[in-house]
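> with the sequence up front, the predicted model follows.
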Amino acid sequence: MTAAGRDAAAGAAAAAGAADVADAPAHPLLVLDPRELPVLDVARWRRDLVAAAQAGHRLVTLYGRRAEGGQVLLTAALLAGEELRVLRAAIDPAQGYPELTSEFPALHCFERELHEQHGVRFAEHPWLKPLRYEGGDQAAMSRYPFYRVDGKEVHEVAVGPIHAGVIEPGAFRFMCYGEHVLHLEIQLGYQHRGAERLLREGDPRRRAALVETLAGDSSVAHTWAYSAAVEALADAPPPPELAAQVARSRAVALELERVAMHLASLSGLAADVAFLPGASTYGRLRTAVINTTMRLCGSRLGRGAVRPGGVALRLSEDEAPAVRATLAALRADLALIDDAFLESRVVRHRLARVGVVTEELARELGLVGHAARASGCALDARAGGPYARPALERVTEARGDCLARARLRVRELAASLRWLEAALAEPCVWTPSAPAAAPPLRPHRLAISLVEGWRGEVVHCLETDAGGALLHYKAQDPSLRNWMGLAMAVRGNEISDFPICNKSFDLSYGGHDL
Amino acid sequence: MSLLKLLGVRRAQGQQALPSLREARPLGFHGRPALRAGDCAACDACVAACPTGAVSLPLAIDLGRCTFCDACARACPDARIELTNEVRMGATRREGLLVAAAPPGGEGARAAQTRIRADRALARRFGRSLKLRQVSAGGCNACELELNAVANVNFDLQRHGIEWVASPRHADALVLSGALTKGMRDAVRLCWDAMPEPKVLIAVGACAISGGLYDGAAGLDRSFLDEIPPSLYVPGCPPHPLTFINAVLDLLDRP
């Protein structure tokens, strides 16, 4: 064990203190019988939601599903501390309810989705633009009446859906006064494949693999959220003697994913500010991390790393030292390039004070995960269990600019690497024990699980009917909420700074367009 | 000061490029399945386990649908299926992606099976310079990350005169990933039409090749592929950078 590993392990033991921290769940999870859930009338539901928001509870998701008699059942999940709770109401979509977006802009994506998917009416809603143009084609998307800024010298710059790099598609419409961006309207939906519907109605054997492709760079986060929900729905948790091993192996896979993707983002940021040693070095360090993931599960992107009911990683006693050595070498190399990157004048000059999102704005927009933490909001769903021992260090940055988002990545991946080294310093031999097929689900269950992926919280909500078949599957990537953060960050900046703002958020298009 | 730091980084990094893109076999990679010949009980366990309908009897695996998840190998009571770390899996025809039991004979036979036959005309035109334009049409960012990786300092495909370009006007090949969504139908067409002749289409990943996990999903429109057949198929979910690299080098008859 390295000196730092020993320190981290000692710190962890102290932090864990009482055993109950380590026994706490690794992430928020709620399971209940939806028949016991009161179905509120919409006025009461709305009042409760507003009261919860004022009490500091954070809304993590809001979605609708068709119910009997043409009604739409609204489900809102709130996080109070680490406890999830649910508020449910039934509405007539033609009547709708008085919109909440004006008062709580963070809800815009959910109300827009309710309108698009279920035709829920909102009187005087400020912005009912479709999220994804489900079922529509590009022509339908082009006909949308975009925002316009009037003025003789105002011009528009349209970019996309195909961009100049090897990345996913989405369109950006900048309204500019000279070089100065007045507003950016982001147009997504090009990646809409019908993933949620396929999860709900498609072949159950395909589910786990599909979940891995919701946002293909966050496979582990999504499959962990899915697996935890399925285990709760099926009353089939991993066997008690394996529970700690399962949790730790999942956390190891998730932290490897976080380290790899933070390195990918840093590499991209460095390339975008023409700091080429950073672009190449962060890129090649990522190779070492994803090759480690491949040794554990056969895939560089963590496919197959998590499955319901057991351990899915493979780590033999012979291989463990090589994995530890790779991570130790990585930490040494990383320190050098981090130092050069953050000290570099071009990096500081291009990233500092650019793309600022204040803490107040981040809260108002409901930003989550990495982008929220870079603006000073201490949101991190990684709770107890494997994260209590060894203890994981949580990081926030205050300034909310592109430099803060870069620095947060640097510090967060260092924290994850220290955690990984400490977690893998203890003897761990993993043999895949997850059953080949997911277990049958119990009837009348609603499970909501939330896992902190590298971008932020991944939320999966699954509900079963009287026969144990899936009634609803709502999968949510943090990108859904954070895209608006990018749009606001760009305001008042030069258009030439857009690429670095975009890379500093590094959001998923496919994860938004499910 | 900062120059000294950069020199320190440079010194610590050492030489990172893979010496040979042809020889490398990544440790632990789930790649080309090896199927053991002989009488299989045809018990159907592998077929039933496959999430994408890639496995059929008599035992064969369609790499164009396969996500390399290992489910068939674990289901087989006879251990007839093994995912090897062989990265060379590309093909120039769709049928070329069907893997049946390995022919008898050792490494030589396997090399013959895994090497794609070069296209003389393409090799003559693009053998020393091939410019690629990538379009993701429903890709999840896994294929995109791996395609980006072919140009990083480890794989450095540019050493062969093959590189990504930003404009379709500069491109010789369209590298398509994703299951082809309705939303991207027009954009893909526009990109293809903007590319000058001669041009080729390369389909990357199970989604692009067959729809993969999204086969039958409501948001797809794959009509473009009915019209323009790919000249090269690169299987995987996502494909390893070396799978893409070896397939392209084979096609261009590069050593």
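Now that the structure is in, tell me what you want to look at. Everything quoted here is computed from the prediction, not taken from an experiment.
> which residue sits farthest out from the middle of chain A?
The centre of chain A is farthest from one residue, A:K152, which by CA atoms, centre = their mean lies 40.9 Å away.
> tell me where chain B has strands.
B:33-35, B:55-56, B:60-62, B:81-83, B:98-100, B:130-136, B:162-164, B:173-177, B:200-204, B:232-234 (DSSP state E).
> ok, and the closest non-adjacent residue to whichever residue of the stretch 301-450 of chain A sits closest to chain B?
Proximity of the stretch 301-450 of chain A to chain B (CB to the nearest CB) peaks at A:A340, 4.2 Å away. For the C-beta atoms, the positions are set from N, CA and C on the backbone; glycine is no exception. Excluding the flanking residues, the one nearest A:A340 by CB to CB, 6 or more residues apart in numbering or on different chains is B:K5, at 4.2 Å.
> likewise A:V149?
In space, A:V149 is closest to A:M175, 4.2 Å off (CB to CB, 6+ apart).
> measure the one you found to A:P105 for me?
For A:M175, the distance to A:P105 equals 19 Å [CB to CB, to the nearest Å].
> higher neighbour count, the two?
A:M175 (21 against 17; other CB atoms under 10 Å in any protein chain shown).
> quick one: contacts for residue 48?
Because you didn't say which chain, this covers chain A. A:L40, A:L87 (CB atoms under 8 Å, 6 or more residues apart in numbering or on different chains).
> the intended chain is chain B.
Per CB under 8 Å, 6+ apart, neighbours of B:A48: B:A75.
> run through chain B and note the low-pLDDT ranges.
By pLDDT under 70, the low-scoring segments of chain B are B:1, B:102-113.
> residue boundaries of the helices in it?
B:2-13, B:45-49, B:71-75, B:107-114, B:120-126, B:142-149, B:185-194, B:205-210, B:223-227, B:241-251 (DSSP state H).
> out of the ones you listed, which is the most enclosed?
Here the criterion is mean neighbour count by mean count of other CB atoms under 10 Å in any protein chain shown, and of the helices of chain B the winner is helix B:205-210, at a mean of 30.
> list of residues touching that one?
A:213, B:52, B:62, B:64-67, B:94, B:97, B:137-140, B:142-143, B:176-180, B:203, B:212-214, B:225, B:230, B:233-239.
> show me which of these are buried.
A:213, B:52, B:62, B:64-67, B:97, B:137-140, B:142-143, B:176-180, B:203, B:212-214, B:225, B:230, B:233-239 (16 or more other CB atoms under 10 Å in any protein chain shown).
> okay, now the closest residue in space to B:T114 that isn't next to it in sequence: neighbour count?
Excluding the flanking residues, the one nearest B:T114 by CB to CB, 6+ apart is B:R88, at 4.0 Å. B:R88 is flanked by 22 other residues according to other CB under 10 Å.
> low-confidence stretches in chain A?
A:1-23.
> how about the strands in it?
A:29-32, A:39-40, A:58-66, A:72-80, A:83-91, A:154-159, A:171-177, A:180-187, A:306-307, A:310-311, A:446-452, A:457-464, A:470-476.
> most tightly surrounded among those?
strand A:306-307 (a mean of 28).
> so how far is that one from its chain's centroid?
Centroid separation between strand A:306-307 and its chain, computed with CA atoms, centre = their mean, to the nearest Å, is 18 Å.
> go on, stretch B:94-104?
16 Å.
> contacts for that stretch, please.
B:32-38, B:58-64, B:89, B:91, B:109-110, B:113, B:116, B:209, B:233, B:235.
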